[in-house]
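**Student:** Okay, here's the prediction I keep looking at, along with the sequence it came from:
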Amino acid sequence: MSVITIDHLARVEGHGGITVELQGDVVTDVRFDIFEGSRLLEPIVKGKHYDKIAPSLSRICSICSAAHTLTSLKATENAFGIRVSPQTELLRELLMRGESIESHALHVFMLAAPDYLNYPSAIAMAADKPAAVLLALRMKKLGNLIQETIGGRAVHPVNAVVGGFGKAPSLDQLIELRSGLLQAQTDSDVVIDFMASLPAADFCRADTTYAALRSPNLDSYYNGDEVMVFAKGSRAIVQADDYRSLTNEKAVPHSHAKHSTFRGSPFMVGSLARLTVNPRRLTGKLAVAMKRLKLVLPADNPMDNNKAQALELVNDVERSLEIIEQLLRDGIKDERSMPVHPRAGSGTAITEAPRGLLIHSYVYDDRGCIVSADVITPTALNAASIEQHMRRAVEQCEDRDEAVISRRLQMIARAYDPCISCSVHLVRKR
Amino acid sequence: MKPTLLIGLGNVLMGDDGVGCRLADLLAADPRLPPDVEALAGGSDLLRHASDVEGRRRVVLIDAVESADAAPGTVTVLKDGLEERQAGAHCLSVPQAMKILELVCPVSFTLLGISVAYVNIGQGLSPALEENLPSILTRVLEEVRWISSS
């Protein structure tokens, strides 16, 4: 038996590795080893009052702290039967778009692109591709600015609270954001040109099951309470409250992240899944860009998630502009948050974080304190699918050259944009 | 070309780690700051200031340094041997961020390190730094004047 081991997966958040076992030419095992320590935040919030939950659980991750905050608020509001105002929904959507712009810009240009161009890092790539790096950094700043303006600061937003927002952005702030977004809109073609210029990465073909939030207006990261699972043209709907029938989590010996499967199949979440489940957003400019990127949906190549992120980057800018125009048109109001009346019960929320579906589910007592909390992140949902795609890549590799296999597997893992630090979930041994 | 920019770095919630931000705020309001120098408190992520750096020839960074052999408040121009340890995939260290920005912009960085006494959760500077702030400011201003005029 031969073993290929990648001890540390570079250019992803957190600590993970890959192990491949071969018996001659037969692939006997492929493992995505997640050895990051368990984050233990769910038991920490047990007994805590509802207003402490979002600030505590957003600490799971500083890259998607807005998504964790807003998903947490949504779960609490669902538990207490609170319906937030349309303005709050718009501002929350905008906050999530800001986070996505920052995250996708960094991933597409600084973490994924070096793979295609054979650079060991973004720093090594920067001397040859200064315009691409500068564009990524400009977009990162724009994403930060949106989060600071709406959320009160760039990481771990303090302005989003149960029932609404502490303070609405001013007219001047929205106009400033609009100006930054209009500038970014002019960069959209450069984003697509850059992605289209990268060499093809075609070494893993596999039928893939996708899962994404089905939103009422077909283009929302925040709104929506049902997930669509899409596999080979067939669709299934899972309601948020029934999320366990989607996740079916199972502890595996080699990973601190549990594995999820739907009806026995691993599934992929994230940008490619969102575009597959909600293809009607791909019109006009995005349809043209999709053609340029030679992206066909449903895709059978996990590397296409990078193309999907580039498309979403363009769309996030467009959608953010639409939201700001609507807020300016309707007139931004300094509304108070909705009144909160805690009650015993449970609440579940699902949103689309930059890396895919994010689930927060809580049980509260009648004083508004947490009895139990469950948080399932996109990378945890993707873990089984990453392994499945890595296995296909090894099986489809024409030779058994360790360097080639190793490079391809790392590219697949990175195409998922995994946040390993987020994915590690407390595993209880009974 | 835009004027010289001074960016104070650090986390103001971590005691003396926030000294760079505190100095930048003080310098921005200080009439002794040369008119061709702008100052901003930049937080802990230099990369997010890429567009502030773009179009400038010189950028001065002020950051906290833990040093066993320098008294708190000592100002040092840091040049070689800076550790490039990366904090995370999405967060570059200051030396790494300087390197990447120097590759994509025609900019020259000067990194001023302020030796600190206490880095831990908490707002405000340690007494050792607080008491020395006037002399630290004077020393930083000397460096900034020299850099902006050279």
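**Tutor:** Right, received. Where do you want to start?
**Student:** what about the residue of the stretch 101-250 of chain A found nearest chain B, distance to A:Met110?
**Tutor:** For the stretch 101-250 of chain A, the residue closest to chain B is A:Leu137, as judged by CB to the nearest CB, at 3.3 Å. (Glycine included, C-beta is placed from N, CA and C.) Remark: distance between A:Leu137 and A:Met110 (CB to CB, to the nearest Å) = 9 Å.
**Student:** What segments of the chain are strands?
**Tutor:** Looking at chain A here, since you left the chain open. For chain A, the strands defined by DSSP state E cover A:2-6, A:16-23, A:26-34, A:160-161, A:164-165, A:209-214, A:226-231, A:234-239, A:250-252, A:255-259, A:345-353, A:356-364, A:370-376.
**Student:** Please refer instead to chain B.
**Tutor:** Secondary structure of chain B by DSSP E: the strands cover B:4-9, B:37-43, B:58-65, B:75-78, B:108-115.
**Student:** coming back round to it: what pLDDT is listed against the residue of the stretch 101-250 of chain A closest to chain B?
**Tutor:** pLDDT recorded at A:Leu137 is 90.
**Student:** What of A:Val12?
**Tutor:** So A:Val12 comes in at 73 (pLDDT).
**Student:** burial of the nearest residue to it once chain neighbours are set aside, as a residue count?
**Tutor:** Of all residues not flanking A:Val12 in the chain, A:Pro418 sits nearest, at 5.0 Å (CB to CB, 6 or more residues apart in numbering or on different chains). Residues lying near A:Pro418 (other CB atoms under 10 Å in any protein chain shown) number 28.
**Student:** Spell out which residues sit in contact with A:Leu134, please.
**Tutor:** B:Ala50, B:Glu54, B:Val104, B:Cys105 (CB atoms under 8 Å, 6 or more residues apart in numbering or on different chains).
**Student:** of these, list those near chain A.
**Tutor:** By CB under 8 Å from any CB of the partner chain, the members of the contacts of A:Leu134 lying near chain A are B:Ala50, B:Glu54, B:Val104, B:Cys105.
**Student:** Closest one of the residues you listed to A:Leu293?
**Tutor:** A:Leu293 lies nearest to B:Val104 out of the ones next to chain A among the contacts of A:Leu134, by CB to CB, at 24.4 Å.
**Student:** Does the lengthiest helix in chain B pack against any helices or strands, and if so which?
**Tutor:** Assignment by DSSP state H gives helix B:127-149 as the longest helix of chain B. With contacts taken as 3 or more CB pairs under 8 Å, 6 or more residues apart in numbering or on different chains; DSSP states H and E, helix B:127-149 sits against strand B:4-9, helix B:19-28, strand B:58-65, strand B:75-78, strand B:108-115.
**Student:** and the ones you listed, which is most packed in?
**Tutor:** strand B:4-9 (a mean of 25; mean count of other CB atoms under 10 Å in any protein chain shown).
**Student:** and that strand, anywhere near chain A?
**Tutor:** No: using CB under 8 Å from any CB, strand B:4-9 stays clear of chain A, with a minimum separation of 13.4 Å.
**Student:** neighbours of A:Glu99, just the number please.
**Tutor:** The number of residues packed near A:Glu99 is 31, by other CB under 10 Å.
**Student:** before we move on, what about A:Asp189?
**Tutor:** Neighbours of A:Asp189 using other CB under 10 Å come to 14.
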